[in-house]
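Chemist: generate coordinates for the sequence data below:
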Amino acid sequence: MILSTTSCLACLGMAVVLAAGSALTQEKSLGLFEGHGDIGNPRNAGSVQYDPSKGEYLLAGSGENMWYTSDQFQFVWKRVTGDVSLAATIRWIGTGVNPHRKACVVIRQSLDADAPYADAALHGSGLTSLQYRDTRGGPTREIQSNVDGPQRVRIEKEGNIVSISVAKGEAALQGAGGSFKLVLSEPFYIGLGVCAHDSNVVEKAVFADVEIATGGAKTQGEPVLESTLETIGVASKDRRVVYHTRDHIEAPNWSRDGKELLFNSGGRIYTLPAGGGVPKLVDLGSLTQCNNDHGLSPDGTRLAISDQSVDGKSIISIAPVTGGKPRRVTPLGPSYWHGWSPDGNTLAYCAERQGKFDIYTIPAAGGEEKRLTTAEGLDDGPDYSPDGKFIYFNSERTGMMQVWRMKADGSDQEQVTKDGYNNWFPHPSPDGKWIVFLSYEKDVKGHPANKDVTLRMMPVGGGEIQVLAKLFGGQGTINVPSWSPDSTNVAFVSYRLVRP
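Modeler: You can find the predicted model right below:
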């Protein structure tokens, strides 16, 4: 029903109950919002109650799900343009039927069930995710927060980048890590939503202290970099935040038992439980300028490190994975480690010699290096196939950076990718089925930081290239091998520039 202005004034200080399906309502009857209704025609109608004395919204929603290619949920909304954020403190009513019921703050292109959207979804189980569909009728993906059961959530759109923040108790909102690119035409919708994740029931949630901010933050000073270590399931394409920090971290490796992740930050190497936790320093003695080219031996006992502590040139050394005195391997620099042969006997790396960057190998025990590539232009990022027969690398010898491979002795060099992107750092999966790599737009030279990039994957034998994730990153995102040992997940680092 449509409420008149007179009826709205008459019920001031009382809850205003709005029937499901209202296309538009008077603004005062919905507080900050303009309209509400069910998206996607769920079996049971939803509703909204707004209490102006408390500034609270009670949403009741049914619906099968907010997921995959279309959604069903109750939505109270407002049309907006430009940069915007929406925050709310959320409280579920009752224990619920399905632990995947969702109470959300939402940014949505339209009221169509298959519209592109993003939301910060608080599940009945406590899981909080940044969910998104970036194309009409496309699949829904998610970035799972490592904060369980926050009371307050916020979704933010700045330019084409969407991110969320969360807070527990009385704490201030903090970035939850992970972000993605969502292109929306204006105007679009923001609002609150509830989905029961069960078409036979209706679930209720209260949204309090709702705040809408438009136009972006008005602050002074340079943006601050945030880093998020994430993992992504290559089958589901869903992302999970492992660690979020305002330190600059780079280049995760996965331990051979799958229990830890390893990364570099501030010239040092750290380990972190794969499920999240507190980073632990790996003491490498004099190596205090480690860069983002490092990785574990096939048996997991040794660590190859590229470090610039000597004359500012990157030198490859090997140390116990738990820390200890390093042993220098490459006599010349700069040398940047990228791959370890499956038998543990040989290192592959990129090195500059006489002004040219090429692929080299050297015995892990030390000895003479062997040059494998001589083509004009940069060759970089070598990594062995799990059977040791091939080395994959990236080369700009054809004018754009593309993925190549060669036999382990450097013979039979052949191009693998031929597309309109600059493709870097190919890494074969441990099961030998996939190649994951990082793609820049065609006009980007080198592998700089802080760019819109795409993490992509293709079958080893050739075939369709799949998009794993679109993110803000580049240098430091996936320089080195970062497959989980069971080949189901890839670790990477995404970044975000935030106003202080």
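
Chemist: okay, the spatially most central residue of the chain: pLDDT?
Modeler: Nearest residue to the geometric centre of the chain (C-alpha atoms, centre = their mean): residue 178, 4.4 Å. Residue 178 is assigned 91 on the pLDDT scale.

Chemist: same thing with the one 10 residues further on?
Modeler: At residue 188, the pLDDT value in this model is 98.

Chemist: number of nearby residues for it?
Modeler: The burial metric for residue 188, expressed as a neighbour count using other C-beta atoms under 10 Å, is 21. From N, CA and C alone the C-beta is placed, and that goes for glycine too.

Chemist: distance of it relative to residue 181?
Modeler: As for residue 188, its distance to residue 181 is 15 Å (criterion: C-beta to C-beta, to the nearest Å).

Chemist: then residue 268?
Modeler: Distance of residue 268 to residue 181, computed by C-beta to C-beta: 31 Å.

Chemist: residue 372: what's it in contact with?
Modeler: Neighbour list for residue 372: 358, 359, 360, 361, 382, 391, 406, 409, 410 [criterion: C-beta atoms under 8 Å, 6 or more residues apart in numbering].

Chemist: tell me where the protein has helices.
Modeler: When assigned using DSSP state H, the helices of the chain occupy the ranges 5-10.

Chemist: longest strand in it, by residue count?
Modeler: With secondary structure taken from DSSP state E, the chain has its longest strand at strand 203-214.

Chemist: same for that one, what does it pack against?
Modeler: Strand 203-214 is packed against strand 56-61, strand 73-80, strand 84-93, strand 102-108, strand 188-195, with contacts defined by 3 or more C-beta pairs under 8 Å, 6 or more residues apart in numbering; DSSP states H and E.

Chemist: hmm, back to that, make a ChimeraX selection of whichever of the contacts of residue 372 turn out to be buried.
Modeler: Those of the contacts of residue 372 that meet the burial criterion (16 or more other C-beta atoms under 10 Å) are gathered into one ChimeraX selection, given here:
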select :358,359,360,361,382,391,406,410
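
Chemist: kindly state the beta-bridge partners for residue 153.
Modeler: With DSSP bridges applied, residue 153 shows beta-bridge pairing to residue 88, residue 166.

Chemist: looking at it, it is touching residue 120, isn't it?
Modeler: Yes - Residue 153 is in contact with residue 120 according to C-beta atoms under 8 Å; the separation is 4.4 Å.

Chemist: what do these two both touch?
Modeler: Here residue 153 and residue 120 share the contacting residues 105, 128, 164, 166, scored by C-beta under 8 Å, 6+ apart.

Chemist: would you turn these into CSV with neighbour count and distance to residue 325?
Modeler: Written out in CSV, the entries for the shared contacts of residue 153 and residue 120 read as follows (neighbours: other C-beta atoms under 10 Å; distance: C-beta to C-beta, whole Å):
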residue, neighbour count, distance to residue 325
105, 28, 52
128, 24, 44
164, 28, 44
166, 24, 42
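
Chemist: closest one to residue 195 out of those, please.
Modeler: In terms of C-beta to C-beta, no member of those lies closer to residue 195 than residue 105, at 13.0 Å.

Chemist: now do the contacts for the residue nearest to the centre of the chain.
Modeler: Residue 178 makes contact with 130, 143, 145, 163, 228, 230, 239, 241, 244, 494, according to C-beta under 8 Å, 6+ apart.

Chemist: and residue 8, what pLDDT?
Modeler: 36.

Chemist: one more: residue 462?
Modeler: 90.

Chemist: what about it, how many residues close to it?
Modeler: Using other C-beta under 10 Å, residue 462 has 10 neighbouring residues.

Chemist: I'd like the numbering to begin with 9 instead of 1 from here.
Modeler: Happy to do that; since the first residue is 9 now, the last one works out to residue 470.

Chemist: for residue 87, which non-adjacent residue is closest in space?
Modeler: What sits nearest to residue 87 in space, not counting adjacent residues and going by C-beta to C-beta, 6 or more residues apart in numbering, is residue 195, at 4.4 Å.

Chemist: ok, that neighbour touching residue 89?
Modeler: Yes - between residue 195 and residue 89 there is a contact under C-beta under 8 Å: 5.1 Å.

Chemist: what's the least confident helix or strand in this structure, going by average pLDDT?
Modeler: For the chain, scoring each helix and strand by mean pLDDT, DSSP states H and E identifies helix 13-18 as the least confident one, at a mean of 34.

Chemist: ok, residues contacting stretch 137-146?
Modeler: 74-75, 77-78, 112, 117, 120, 122-129, 131, 147-153, 163, 170-172, 184, 186-191, 478.

Chemist: just the buried ones from these?
Modeler: Restricting these to buried positions leaves 74-75, 78, 112, 117, 122-129, 131, 148-153, 163, 170-172, 184, 186-190, 478, with burial counted as 16+ other C-beta under 10 Å.

Chemist: remind me which residues of the protein are low pLDDT?
Modeler: Along the chain, the parts satisfying pLDDT under 70 run over 9-36, 224-228.

Chemist: domain map for it?
Modeler: By the record's domain assignment, the chain is partitioned as 13-222, 288-493 (automatic domain parsing).
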